[in-house]
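[1] Build me a model from this:
(2 chains)
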There are 2 protein chains.
Amino acid sequence: MRLIVPLQGVVQGRGGLFVGSLIPCCLFYFLQLYLKRRRSPPPPPPPPDSDSSSELPRTSSRSSLFTRGNSIGRVRVSSRAAPLAKPPDSPYYIGLERVKTDPYDRVTNRDGIIQLGLAESTLCFDLLQRWMSENLMDSLMMQSDGSGFDVSTIAMYQPFEGLLEVRVAFADFMSRIMGGNVSFDPSNMVITAGGTPAVEVLAFCLADHGNAFLIPSPYYPGFDRDIKFRTGIELIPVHCRSSDNFTVTVSALEQALNQARKRGSKVSGILFSNPSNPVGNILSRETLHAILSFAQEKNIHVISDEIFAGSVYGVDKEFVSMAEVVAASASGDFDKSRVHIIYGLSKDLSLPGFRTGVIYSFHEDVVSAAKKLMRFSSMPVPVQRILISLLSDTRFIEEYMAAHRQRIRDKHFLFVEGLKQLGIPCAESGGGLYCWVDMSSLLTSYSEKGELELFEKLLSVAKINATPGTACYCIEPGWFRCCFTALADEDIPVIMERIKLLAEPSTS
Amino acid sequence: MRLIVPLQGVVQGRGGLFVGSLIPCCLFYFLQLYLKRRRSPPPPPPPPDSDSSSELPRTSSRSSLFTRGNSIGRVRVSSRAAPLAKPPDSPYYIGLERVKTDPYDRVTNRDGIIQLGLAESTLCFDLLQRWMSENLMDSLMMQSDGSGFDVSTIAMYQPFEGLLEVRVAFADFMSRIMGGNVSFDPSNMVITAGGTPAVEVLAFCLADHGNAFLIPSPYYPGFDRDIKFRTGIELIPVHCRSSDNFTVTVSALEQALNQARKRGSKVSGILFSNPSNPVGNILSRETLHAILSFAQEKNIHVISDEIFAGSVYGVDKEFVSMAEVVAASASGDFDKSRVHIIYGLSKDLSLPGFRTGVIYSFHEDVVSAAKKLMRFSSMPVPVQRILISLLSDTRFIEEYMAAHRQRIRDKHFLFVEGLKQLGIPCAESGGGLYCWVDMSSLLTSYSEKGELELFEKLLSVAKINATPGTACYCIEPGWFRCCFTALADEDIPVIMERIKLLAEPSTS
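    Residues are numbered from 1 along each chain as shown, chains lettered A, B, ... in the order given. A predicted model of the protein is given here:
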C-alpha cells in the first residue's frame, strides 16, 4: 500500500488517472531498460552444500548419489542456531570462558584468574550445608502425612507448573523475604527450572517476534541471550546516567519509546531488575509507581525481575516489590494484569544448581500460557520436594536470610573499602551480589575501546574477570560489575594488590 | 523478482521494451481506476483496547489518563501466547484433562475414568523404591572420592549441558540398553530437563521458522506442542497404512517431500519415533538405512526419537539405534552430521518426574548451539547426582531392564488377549508402553467423526481415556492408542467389561 498512498495525491489531484499512471509506467520502462542492459549471467550452480542440489534430475542411481556424498557436503543447521554455535562475542561471556581456563584457587592456584563475573554466593554455605545434612533425606523420603517413602511421589508425572505445595511454599517465602508487606497467590504462580526460562517464557507470552521491550541500561548481559536467542524480541536500552546513580526516569522511557515507534518498532513492555543488576541500587516506591503509570498510559507490560529481592543489605533503603505497588493502588487506577514478576532461588538462597525460577503474573492468560510452556522447563519433582521442606522451614529461612544479608553487607564493605583505598569509587548500592565500580581513572582512553582494553588488561595482566559496562550497554565508559559474594575475606587484598599494580605506570 | 521474470520473455522478444512496459502500465492504470472508485472510508477509530490508543495527543494530564484506565482495557498477551491460553482442542489433551476430573482408583473410585492415555509405567516401582531407599542419600551426599557431603557440589552453577560424569553415565547406559552394539560419545551429548525440551531444542537448531519436518503418521500427539508452540516449524504427516503395519516407506517420504516442495515448503528433516509411538512397531535396520539414504539424497536431517529404546519387549525383533546404522555404514557413504537422536528416562526408567532428556547429535554445531540453549532447560544438579549413581549401578540396571521388559511383555499379553476376546485386534508391536488398537468395529460411521464419537463414548460411558488415531494424524479411522503399563492386572477385566458393554447394542 505504501506505493499507492503517495500516488493517491496525484490521482485525486488535477493530474487525474493519466498522470498517476504515467509516472510509474515511465519508471517501469527505465527499470526494464536497465535490467535488459545488465542482464545477469545465468545463476551459478548451487554451492556444494546447498539444499537445492537435491533437486537435480533423479536419473543417477542411489549408489552414485552416495559416491558424491561428500560433494553434497555437510547438512546445515538452522540460520538461528548458526550464530549460537560460534564462540561468544559479549565480554561478559568471554570473561566467564577465560576463567575456566585458569581459575584462581587460594590454595592450589594462587596465580589463576579471580572470578568477579558470576553473581553467585557462597557466603552462607555453612548454613545450607547444615540444613541439607539434617533434612535432605526427610524432604525427599517423608510424605506430608508423615508416612514413609513412596517412590511414585517423585517418579511420576506431576503438573508442569509445579505442585500446589511448592507454589504455596514459594508464595509464603516470597512474601516473607519482601518484608511481609505483600502476599502472593499460588494460582498466579508458575514454577520454572531457573530464572532464565522464567524470563524467556514470559517474554514469549508478552510480545511477538519483532516487538521490543524497553530496558533501562546498564542491564544484566544475560538478558540478551534469555530474550534474543529464541523469542525474536528486540531489547531497547534506555540509557541511565551516573548523575542519577543509573536510575531510570520517565522522560528517558518516553524518549526511548518515541524513538522506537518512529523506527517502526512496536514496544510491548518494560523489563527491569530491582534491585538493579549490575548497579545494585534499589528502586524507590515512587520510581516503581512512575514506571507503572507510564506503562498504563502506553498500554504496555511491566516485567519486574526481583531475583535479588532477598539480597538487599543496605540499611537505609527497603526493597519494594512491584506487587506491593499494584496492591497499594486503588483498584481503578491500574490494569494490574500488565504486571509480571520474575523470581528465583539462585541468588537469595544461593542455589543456582537447583535451577529454580518463578513467574508471577496478574494476567490469567499469561499464567495459562506459561503453564503449558512449562513442558519445556518444568522443575523435576525431587527438587520440588526438597524445596517444599526448605521453604517451609520458617525458622531456618529467618536465620538464613538474616545471615545472608549481614554477610553481603560485610563483604560489600570490605570490597568497596579496598577499592576506595585505591581511589576507585563505586556507585551507591544496597542490593545484589556485586558492586558497580567506576574504573574510568584506569582507562587509557575514555571510550568503549579504552574500556575493552582495560577489561583485557584486567583479565590477562591482573588476572581478574570483571564485567565491563559495555557488555551491559552502559554509555559511560569505565564502569565494571564486580561480584564479591564468592570471595573469601583474604581474597580481597589479593584483588586490590593486583589492581594497584595495574594502576601503576609500567616500568618496562 | 517474480513480476520481472514472466515479463522477461516479452522484453526479450519482438515486442521489445515498449510492449514489455505497456502491459504493466495498463494494468496499473486500471488498478488506480478501481481503487479510486471504491475509495475506502476513513479508518475506524482504534478499538478501545488497541495499543495505538496511546498515540492520542498527550494533552490530557496523567490523572485524567488514569480515570479512563478501564477504557484503555486490559493489556494483551502476544498473538503466539493467546492460543496457548485457551483450552486444548486435541482429543489427546482433552482426554488427559477429563481424567483429572474423575480419576479411576481401584480402591477409592472404582467408577472413575481409567487412564489409557498417558505413556507412563508403574510396573517396576518396587525395584525403583528399593534402589531409592537404599541409595538416594548416598547419591546426593557422598562425593565420588568417598568423602562426605559438600553442599557446594549440588548448590553451585554447573555446565548447563550436564556434568561430564552424568554424560559418561548416560553414554554407558544408552549403549547398554541398546544391546551394546553401539557406543555413544559423551562430548556429542547434551542433557536436558526432559525429552520434550530435547525435541524442541533440536528442532530449533535444525530448521528455521516456516520450514518443515516430515513425520510418519500416526505420530505422538505431543510433537505438535513440542515443535509448533515456539519453533514455528511445520510438521508434515507422511501417512502410513495398516496394510504396512504403519511402517513408513521411502516412496511415501518421496511423495510427501515433493508435495511439500510444490507448496513452497522447505523440508529440513525427518522426525520419527523408534519404537514407533503410537503403533509400537520397531523399525528394521533396512528401514532405517532407507530413511538415512533418503535423507542423504535430499540433504536433510534425520531425528530419531529413541525414548522407548529400552522398552522393547518383543521376542522376535531387536531394537536398532540410528546411531548403530550410522556406525555400520562406510564412512564415505553418509554425512553422519545429519543424524540426531532423542533419548530420556521418562519411559525406560519410569522416571518422568525426574525430567530427564538427552540430545545426541553427530553435528558439532548442533551440540554447541544446544549447549547454549540449555540455559532454558538444564537439569538441576541434585537430579544429576542421583542419576550418576543410578545409571552407574550396572547390576541394578541389568536387573531393572530385564524386569521392565518382561513385565511390559506380560501386561501387553494380558491386555491384547482381553481385547482379542472381544474381537478387537491390535497392530503388531514389540516396543513402547501402549498398543495400537483397531476399534473400527465399534464405529457407528467409518470416518473421523465416527472415531471422535467413539472417543467421547469411551470417555463418558465406558469411562476410559484412550487416544484416538485422529489425534495422531492417522488416516484410517477407528484406531486408538491404549497405554497399559500403569494398570494392575485386575484393572484389565474391568476395562474389557466396560468396552464390552459399549459394544453391545443399547437396550434403551
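[2] Would you state the helices of the stretch 401-508 of chain A in chain order?
    A:448-457, A:491-503 (DSSP state H, counting those that start in this stretch).
[3] Could I get the pLDDT score of A:Ala207?
    As predicted, A:Ala207 sits at a pLDDT of 98.
[4] so who does it touch?
    By Cβ atoms under 8 Å, 6 or more residues apart in numbering or on different chains, A:Ala207 lies in contact with A:213, A:231, A:233, A:268-269, A:301, B:78. C-beta: built from backbone N, CA, C; applies to glycine.
[5] and the stretch 251-400 of chain A, which residues reach chain B?
    Within the stretch 251-400 of chain A, the positions lying close to chain B (Cβ under 8 Å from any Cβ of the partner chain) are A:266, A:268, A:293, A:296-301, A:332-335, A:337-338, A:350-356, A:363-366, A:368-369, A:372-373, A:375-383, A:386.
[6] circling back: out of the contacts of A:Ala207, who's nearest A:Leu442?
    Using Cβ to Cβ, A:Phe213 is the member of those that lies nearest A:Leu442, at 33.0 Å.
[7] outside of the host helix or strand of that closest one, which residues touch it?
    Assigned by DSSP states H and E, A:Phe213 falls within strand A:212-217. Contacting residues not belonging to strand A:212-217 are listed as A:203, A:207, A:223, A:227, A:233-240, A:246, A:248, A:252-253, A:256-257, A:260, A:265-272, A:276, A:303, A:472-475 [Cβ under 8 Å, 6+ apart].
[8] Quick one: mean pLDDT for stretch A:408-421?
    98.
[9] Next: stretch A:498-508.
    Per-residue scores along stretch A:498-508 average to 76.
[10] what residues are up against the most centrally placed residue in chain A?
    Against the mean C-alpha coordinate of chain A, by Cα atoms, centre = their mean, the closest residue is A:Phe223 at 2.5 Å. By Cβ under 8 Å, 6+ apart, A:Phe223 lies in contact with A:199, A:215, A:235, A:271.
[11] give me the number of residues near the third one?
    Read that as A:Leu235. 18 (other Cβ atoms under 10 Å in any protein chain shown).
[12] Just read off the phi/psi values of it.
    phi -110, psi 120 (degrees, to the nearest 10).
[13] and if you look at the first one?
    A:Val199 has phi and psi values of phi -60, psi -50 when expressed as degrees, to the nearest 10.
[14] hang on, isn't it packed against A:Ile342?
    Yes. Under the criterion of Cβ atoms under 8 Å, A:Val199 is in contact with A:Ile342, at a separation of 5.8 Å.
[15] Please identify every residue contacting each of these two.
    Between them, A:Val199 and A:Ile342 share the contacting residues A:303, A:305, judged by Cβ under 8 Å, 6+ apart.
[16] Could you check which of these two has the larger neighbour count?
    A:Val199 (28 against 24).
[17] show me what contacts the more buried one?
    A:223, A:226-227, A:303, A:305, A:342.
[18] Return the distance of it relative to A:Ile359.
    9 Å (Cβ to Cβ, to the nearest Å).
[19] which residues are in contact with both of these two?
    With Cβ under 8 Å, 6+ apart as the test, A:Val199 and A:Ile359 both reach A:Ile342.
[20] Can you tell me the SS state at the residue nearest to A:Tyr343 when sequence neighbours are not counted?
    Closest residue to A:Tyr343 apart from its sequence neighbours, by Cβ to Cβ, 6 or more residues apart in numbering or on different chains: A:Val358 at 4.0 Å. Secondary structure, DSSP: H, G, I helix; E, B strand; the rest coil: A:Val358 is strand.
[21] Tell me where chain A is predicted with low confidence.
    Low-confidence segments of chain A, defined by pLDDT under 70: A:1-73, A:330-333, A:505-508.
[22] domain parsing for it?
    Following automatic domain parsing, one gets these domains for chain A: A:85-124+A:398-503, A:147-394.
[23] closest to B:Tyr434 out of the ones you listed?
    It is, among the domains of chain A and with distance given as Cβ to Cβ, domain A:147-394, at 15.0 Å.
[24] check contacts around A:Gly344.
    A:192, A:194-195, A:198, A:307, A:356-358.
[25] So the residue nearest to the centre of chain A: helix, strand or coil?
    Strictly by three-state DSSP, A:Phe223 counts as helix.
[26] mind listing the helices for the stretch 251-400 of chain A?
    Under DSSP H, counting those that start in this stretch, the stretch 251-400 of chain A gives helices at A:285-298, A:322-328, A:364-373, A:381-392, A:394-421.
[27] out of those helices, which comes closest to B:Leu140?
    Taking the helices of the stretch 251-400 of chain A one by one with Cβ to Cβ, helix A:381-392 is closest: 9.1 Å.
[28] isn't A:Lys371 right up against A:Gly162?
    No. Using Cβ under 8 Å, A:Lys371 is not in contact with A:Gly162; the gap is 9.3 Å.
[29] what's around A:Gly264, how many residues?
    7.
[30] next one: phi and psi at it?
    phi 90, psi 10.
[31] Quick check: it vs chain B, distance?
    For A:Gly264, the distance to chain B equals 13 Å [Cβ to the nearest Cβ, to the nearest Å].
[32] I'd like to know how far that residue sits from A:Lys298.
    16 Å.
[33] Now do the contacts for the closest residue in space to A:Phe160 that isn't next to it in sequence.
    Excluding its sequence neighbours, the residue lying closest to A:Phe160 (Cβ to Cβ, 6+ apart) is A:Met374, at 3.7 Å. A:Met374 is in contact with A:160-162, A:190-192, A:201, counting by Cβ under 8 Å, 6+ apart.
[34] quick one: which of the residues you listed is most hemmed in?
    A:Thr192 (33 neighbours).
[35] what about A:Ser284, how many residues close to it?
    Around A:Ser284 there are 14 residues (other Cβ under 10 Å).
[36] my guess is it contacts A:Val320, does it?
    Yes. At 7.4 Å, A:Ser284 and A:Val320 qualify as touching, with contact defined as Cβ under 8 Å.
[37] picking up where we left off before, of the domains of chain A, flag the one that's most buried.
    Of all these, domain A:147-394 has the most neighbours on average by mean count of other Cβ atoms under 10 Å in any protein chain shown, namely a mean of 21.
[38] Once you drop chain neighbours, what's closest to A:Tyr93?
    A:Pro221 (7.6 Å).
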